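Undergrad: here is my input, please return the structure:
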Amino acid sequence: MSFNARPSPLVPPEISAIICEQVSNRGTLAVLCRTSSLFRAQAQHLLYRSVNLRECSMRGIKSWALSVTRNVHLAERVHFLTLRLPVSLDPSDAAKIAHALSECVNLKVLKVASADGIFNRLPDCKHTWIIETCSFRLHKFQNSYFETKELWMELFWKVQEDIQVLSFPKGTSPLPVKFLPNLVAVHTSNLAGLPPDRPLQRIHTSVGNDLSSLARYAQSLTTLNLTRHWSLSDRDITLSSTTQTIANLLPQLCHLWLVETRKDDISGLPPVSEPAPTKAIQNLSHLETFVFHTRNVGRLVDSNGTQTTAYLMDVPADIESLGLVIMTVCPTLRRTDLGGEVALDEQLNCILTRGATGEIQAEHGTEFDSDAVSMFW
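TA: Numbers count the residues shown, from 1 in each chain. Predicted coordinates:
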């Protein structure tokens, strides 16, 4: 007697799915793909759902493009994609990327950056045709690569009315808000281009801007991210005074993120001292999360008129002590994340969380990822 029935899998599908979901390392997921057909299906789903090619060479990007072009079922699994592309993109490479993107019909979040490494270079790539004919309908789009003038991207905007989050971190062109009826979150250095008639919920901009225009969003804005690039235009504006300005303009704010994005490359200068944000923060009576990451401020000073306390950002105990003061003066805070870059690429941070019964727990680390803790996205 012969049997043609296939043998039962050694591991039930639901168990293999649980195993794959517990794996956070993409290399391990790739190994699981080669273990068996059962693990391959589950691991590929996780590998291709969120694809980050930001640090990949063009060879790596082309390899991914070829993979999803040849295997449409993999392209259909892609929901989140991050790319970093050279400004001088070879036309044949651009065509391969365009083909791959056209197959990613379920893509919802797309982030495209320039690989030239020039700080504050405006996006000027004219290869907008790469994304113009794609059938995906984005919910979130970050662009610091393609030319942002409406003339170049009008075809793209006309079919992307589902976009809710738009990030133009380096763009100066007017935002294409007339094409985006569902827009609720904007990242821009050009506050003048913000739509005055939209109840925006989340905004990301720079410290050096005149923030007074944000007052029009006082009733709707829940999240504000502010970056200080440590340039001549904004290094004289302290993070503490910025916090006070925000407290005056947006007293209903729930999430505040203040981050220095670059460390001064001039060696030999003493650490900068600034006032601590303790007084300003207590005026934000609805604040739930607070991120405060410095790269050039080495000391934060808190003074109540009779006593002055200095908190050194290269001393873990001082960072925690400052965090406890902030959590105390602002009892609505659920989480505070304080960090300082003590030397180039050497960081310290402390995350303080308030439990359901009011107890405060502190967790120290030796690095911080400002974008990962942002509430903007």
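Undergrad: only C-alpha atoms from now on, for both contacts and neighbour counts.
TA: OK.
Undergrad: measure the residue lying closest to E260 once chain neighbours are set aside to R198 for me?
TA: Closest residue to E260 in three dimensions, ignoring its sequence neighbours and counting by Cα to Cα, 6 or more residues apart in numbering: R228, at 4.6 Å. Per Cα to Cα, to the nearest Å, R228 is found 26 Å from R198.
Undergrad: with K140 instead?
TA: 17 Å.
Undergrad: settle it for me: which of these two has more neighbours?
TA: K140 (21 against 15; other Cα atoms under 10 Å).
Undergrad: for the more buried one, what are its contacts?
TA: K108, V109, L110, I163, Q164, V165, L166 (Cα atoms under 8 Å, 6 or more residues apart in numbering).
Undergrad: so what pairs up with it in the strands?
TA: Following DSSP bridges, K140 is listed with bridge partners V109, V165.
Undergrad: just the buried residues of the helix or strand hosting L101, please?
TA: If you go by DSSP states H and E, L101 is part of helix 91-103. Judged by neighbour count using 16 or more other Cα atoms under 10 Å, the buried positions of helix 91-103 are A94, K96, I97, A98, H99, A100, L101, S102, E103.
Undergrad: closest to H73 among those residues?
TA: Distance to H73 across the buried residues of helix 91-103 (Cα to Cα) is lowest for E103, with 9.1 Å.
Undergrad: S285 is in contact with T332, isn't it?
TA: Yes. Here S285 reaches T332: they are 6.7 Å apart, a contact under Cα atoms under 8 Å.
Undergrad: measure K158 to R295 for me?
TA: K158 is 40 Å from R295, by Cα to Cα.
Undergrad: meant to ask about L200, not that
TA: With distances taken as Cα to Cα, L200 is found 29 Å from R295.
Undergrad: I351: how many residues sit nearby?
TA: Neighbours around I351, by other Cα under 10 Å: 20.
Undergrad: need the contact partners of stretch 194-209.
TA: Under Cα under 8 Å, 6+ apart, the answer for stretch 194-209 is 169, 175, 177, 183-191, 216-217, 219-229, 233-234, 237, 242, 376.
Undergrad: return the distance of it from the chain's centre.
TA: Offset of stretch 194-209 from its chain centre (Cα atoms, centre = their mean, to the nearest Å): 16 Å.
Undergrad: pick out the lowest-pLDDT one from the buried residues of helix 91-103.
TA: Among the buried residues of helix 91-103, A94 carries the weakest pLDDT, at 92.
Undergrad: show me the contacts for that one.
TA: H127, I130.
Undergrad: how near is it to E154?
TA: 19 Å.
Undergrad: same deal with H293?
TA: Taking Cα to Cα as the measure, H293 falls 37 Å from E154.
Undergrad: pick out whichever of these two has more residues nearby.
TA: More crowded of H293 and E154, by other Cα under 10 Å: H293, with 25 against 15.
Undergrad: and that one, that one's in a helix?
TA: No. Applying DSSP: H, G, I helix; E, B strand; the rest coil, one finds H293 to be strand, outside a helix.
Undergrad: that one: what's it in contact with?
TA: L258, V259, E260, D337, L338, G339, G340, S370.
Undergrad: which of those fall in strands?
TA: Per DSSP state E, strands hold the following members of the contacts of H293: L258, V259, E260, D337, L338, G339, G340.
Undergrad: burial count for the third one?
TA: Other residues lying near E260 total 23 when counted by other Cα under 10 Å.
Undergrad: go on, the last one?
TA: Other residues within reach of G340, judged by other Cα under 10 Å, total 29.
Undergrad: any idea what it is bridged to?
TA: T294, L348.
Undergrad: hmm, it is touching P316, no?
TA: No. The pair G340 / P316 is not scored as a contact, 9.7 Å apart, by Cα under 8 Å.
Undergrad: could you name every residue contacting both of the two?
TA: Counting by Cα under 8 Å, 6+ apart, the residues touching both G340 and P316 are L348, N349.
Undergrad: what strand or helix carries the closest residue to I97 other than its chain neighbours?
TA: Counting by Cα to Cα, 6+ apart, the nearest residue to I97 once its immediate chain neighbours are dropped is A65, at 5.9 Å. Element membership for A65, per DSSP H and E: helix 58-70.
Undergrad: OK, contacts around L300?
TA: S273, E274, P275, A276, A310, Y311, L312, M313.
Undergrad: go with 10 Å
TA: By Cα atoms under 10 Å, 6 or more residues apart in numbering, the contact list for L300 reads 240, 272-278, 309-313, 318-319, 322.
Undergrad: could you report the pLDDT at it?
TA: Reading off the model, L300 has pLDDT 94.
Undergrad: name the SS class of it, please.
TA: L300 carries the three-state label strand when classified by three-state DSSP.
Undergrad: look up how far V325 lies from it.
TA: 12 Å.
Undergrad: hey, what's in contact with both of the two?
TA: Taking Cα under 10 Å, 6+ apart as the criterion, L300 and V325 both touch T278.
Undergrad: list the buried residues in stretch 187-204.
TA: By neighbour count on 16+ other Cα under 10 Å, the buried set for stretch 187-204 is 187-191, 194-195, 199-204.
Undergrad: so which of these are in strands?
TA: Checked against DSSP E, the buried residues of stretch 187-204 include these in strands: H187, T188, R202, I203, H204.
Undergrad: beta partners of the last one?
TA: Spelled out, it's H204. Going by DSSP bridges, H204 forms beta bridges with H187, N225.
Undergrad: what about it, distance to P181?
TA: Taken as Cα to Cα, the span from H204 to P181 is 19 Å.
Undergrad: likewise for the first one?
TA: Taking Cα to Cα as the criterion, H187 is separated from P181 by 16 Å.
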